[in-house]
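# Sequence and predicted model, in that order:
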Amino acid sequence: MNFSTWISAGKGRVTAIAQHFERTPGAISQWRSGVPPKLMRQVRDFTGGEVTLEEMLAETELAKPQSPKQKGAANV
C-alpha cells in the first residue's frame, strides 16, 4: 500500500503519525507526494509494514520532475 492510501484509510492517522515523528499534520500531508527517504524505514515500521518501501520509493520516483531529455525519450 502506498502512503497516501494508508493515510486516507483511517481517521486520525495523520495526527498519529505527526505526533510520532514530531511533525505538523501539514508536513505529514506533504508526504503524500513522497515520504522523505531517510524516514521510509521508520514509516514502514510505524504502519506495521502496510506501507512498503517499494511503494514509497515508487512514489518518490514519480514525484521527481523529468528533464526535457527524459520527456523526449518517453515519446520515442
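Noted; the coordinates are in hand. Numbering: from 1, shown residues only.
# only C-alpha atoms for contact and neighbour calcs from this point on.
OK.
# any idea which helix is longest in this protein?
helix 53-63 (DSSP state H).
# taking the mean pLDDT, what do you get for that one?
Averaged over helix 53-63, pLDDT sits at 83.
# who touches that helix?
Applying Cα atoms under 8 Å, 6 or more residues apart in numbering, the contact partners of helix 53-63 are 1-3, 33-35, 37, 40-41, 44.
# Which ones among those residues lie within helices?
3, 40-41, 44.
# Just the buried subset of those residues, written out for ChimeraX, thanks.
Provided next is the ChimeraX selection string for whichever of the ones in helices among the contacts of helix 53-63 are buried by 16 or more other Cα atoms under 10 Å:
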select :3,40,44
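# Apart from its neighbours in sequence, what residue is nearest Ile7?
Distances taken as Cα to Cα, 6 or more residues apart in numbering put Arg13 closest to Ile7, at 5.7 Å, once the chain neighbours are dropped.
# Distance of the one you found relative to Pro25?
Relative to Pro25, Arg13 is positioned 10 Å away (criterion: Cα to Cα, to the nearest Å).
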